[in-house]
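> Here is a sequence with its predicted model. Questions after.
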Amino acid sequence: MTRVLTALIAMLAFATAMPAAAQEAGKMSPEAAMKALETAPTASAAVAATAAPTIQDPENVLHLDLSTGGRVSILMRPDLAPGHIERIKTLVRRGFYDGIIFHRVIEGFMAQTGDPQGTGQGGSDLPDLKAEFNALPHLRGTVSMARTQEPDSANSQFFIMFMPMTGTMDGNYTGWGRVFSGMEFVDKIARGEPPATPSRILKASIGADNVPPPPSPPTVAATAVEPTAVPAPAEAATPAPAATPATPAPAPVPPQN
């Protein structure tokens with residue numbers, strides 16, 4: 001099953017709901033207008049999703065140690081996508097993501113990973129997930145689940161946004177987290193579909209498990225080179241006579257009629 005991101009054009013609910021509520025507010029009493037604005041459903045959902053929890057519970061922090069040189073830390077949102085967060089935690093603690101490449105990386109869009117086959121067609125042995133579409137905006141650093149055109153087809157693959165793309169992504173993919181540290185290592189992920197030399201997840205871990213980052217590669221110190229004495233020039237040797245080239249065999253005589 002090809003788990004690729006399908007671009008679906010959708011209007012931003014927040015952008016449409018707020019102007020409508022404000023228009024109606026002009027025809028109401030101040031008390032009624034305030035109540036209408038406060039109870040606009042899509043607006044309140046968008047605000048709640050954007051305002052990520054300020055206390056970082058280590059049980060809801062995902063660390064990705066990347067081959068690009070450092071650790072990426074993601075604040076997961078079980079309040080928005082509990083089933084997806086449970087799946088990510090289960091696979092991380094199995095070691096499922098360790099060594100997996102970023103197989104689809106599009107400049108100015110996103111970096112996708114989570115397929116053990118590295119082709120975009122694989123997943124885990126667990127059943128596909130029911131969609132948990134929510135109001136988390138797909139901004140730079142948002143982490144969201146990849147799926148096919150079937151809404152309930154997410155399994156193990158996910159992507160990290162390089163740039164905002166709220167209009168086409170919000171409400172169509174299950175966002176479940178946001179990078180809060182190490183985005184510079186996401187930016188270094190090799191581009192391509194697939195990349196010629198793909199970047200990979202060296203180790204994925206949950207913050208509460210206190211897995212340290214992998215050690216940095218050792219630095220090789222420069223070795224001082226002792227000056228070499230210049231040998232005295234030797235007498236020129238008489239060159240040996242050139243070998244006589246071999247005589248080529250005569251060309252075969254064509255047959256006579």
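Noted; the coordinates are in hand.
> Return the residues in contact with the residue nearest to His138 when sequence neighbours are not counted.
In space, and not counting its chain neighbours, His138 is closest to Met169: 3.8 Å by Cβ to Cβ, 6 or more residues apart in numbering. C-betas here are computed from N, CA, C, even on glycine. Going by Cβ atoms under 8 Å, 6 or more residues apart in numbering, Met169 touches His138, Ser144, Met161.
> Just the CA atoms of the host helix or strand of Val72, as CSV, please.
In the assignment (DSSP states H and E), Val72 maps to strand 71-76. C-alpha atoms of strand 71-76 as CSV (Å, rounded to 0.1, in the frame of the first residue of the first chain):
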residue,chain,number,x,y,z
ARG,A,71,18.7,15.0,18.3
VAL,A,72,15.2,16.2,17.3
SER,A,73,12.7,16.5,20.2
ILE,A,74,9.0,16.4,19.5
LEU,A,75,6.2,17.3,21.9
MET,A,76,3.4,14.7,21.3
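> Show me the strands paired with that strand, marking each as parallel or antiparallel.
The pairing partners recorded for strand 71-76 under DSSP bridges are strand 61-66 (antiparallel), strand 175-181 (antiparallel).
> re earlier: could you dump the contacts of Met169 to a markdown table with distance to Asp187, neighbour count and pLDDT?
Below are those laid out as a markdown table (distance: Cβ to Cβ, whole Å; neighbours: other Cβ atoms under 10 Å; pLDDT from 0 to 100):
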| residue | distance to Asp187 | neighbour count | pLDDT |
| --- | --- | --- | --- |
| His138 | 17 | 23 | 98 |
| Ser144 | 17 | 26 | 99 |
| Met161 | 11 | 23 | 99 |
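> For the closest residue to Leu80 other than its chain neighbours, the count of nearby residues, please.
Leaving out its chain neighbours, the residue that sits closest to Leu80 by Cβ to Cβ, 6+ apart is Asn134, at 4.3 Å. Asn134: 21 surrounding residues under other Cβ atoms under 10 Å.
> So Asn134 sits against Gly175, correct?
Yes. Using Cβ atoms under 8 Å, Asn134 is in contact with Gly175, at 6.3 Å.
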